[in-house]
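*Asks:* Pasting the sequence and the predicted model now:
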Amino acid sequence: MTTYIPTKLRAQIEQDAGHRCGYCLSDETLTGIPLSVEHILPEALGGETIQTNLWLACRPCNEYKGTHAEDQETGKEVPLFNPREHKWHEHFEWSQDGCYMIGKTPIGRATITALRLNRKLLVNARKRWVIVGWHPPK
């Protein structure tokens, strides 16, 4: 069952997120597919339907997301990237060609792996977005 998000709250979340997925940074205008309002801490784990626990996510990122993942480099379990609490550029950077996300921290690396942020279809879309100057986001 999907939790009802009031229109005013959804508009605030969209503004906060800049109409981009909080994880892969895909812009819903480029994909043509509306982003979902997702619970950063899932409702099943006690997450509330309040602004500080909500963000936008594309469907694949939302479906792959849990709360923790293993950093392949250190072998340690770490929390996933939280777009409300973490700064994207502290945990991630773009490859030189702008098509691949690179994890700079255990949180960044684990999030890339868990959410499959370099999945083939998304990388192919980024390649096209780079060609026309729409990616990477500023």
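*Replies:* Structure received.
*Asks:* use CA for all of it now, contacts and neighbours both
*Replies:* Fine.
*Asks:* Count the residues that sit near residue 136.
*Replies:* Each residue near residue 136 was counted by other Cα atoms under 10 Å, and the total is 19.
*Asks:* So it sits against residue 96, correct?
*Replies:* No: under the criterion of Cα atoms under 8 Å, residue 136 is not in contact with residue 96, lying 10.2 Å apart.
*Asks:* What values do phi and psi take at residue 137?
*Replies:* When read as degrees, to the nearest 10, the backbone of residue 137 gives phi -70, psi 150.
*Asks:* For it, give me its contacts.
*Replies:* By Cα atoms under 8 Å, 6 or more residues apart in numbering, the contact list for residue 137 reads residue 25.
*Asks:* What of residue 70?
*Replies:* 76-78, 110 are the contacts of residue 70 under Cα under 8 Å, 6+ apart.
*Asks:* The residue nearest the centre of the chain: which element?
*Replies:* Per Cα atoms, centre = their mean, the C-alpha nearest to the average position across the chain is that of residue 23, at 1.3 Å. For residue 23, there is no host helix or strand (DSSP states H and E).
*Asks:* Could you measure from it over to residue 103?
*Replies:* 12 Å (Cα to Cα, to the nearest Å).
*Asks:* Could you check how far the residue nearest to residue 92 when sequence neighbours are not counted is from residue 124?
*Replies:* Distance criterion Cα to Cα, 6 or more residues apart in numbering; nearest residue to residue 92, sequence neighbours excluded, is residue 103 at 4.7 Å. As defined by Cα to Cα, residue 103 lies at a distance of 19 Å from residue 124.
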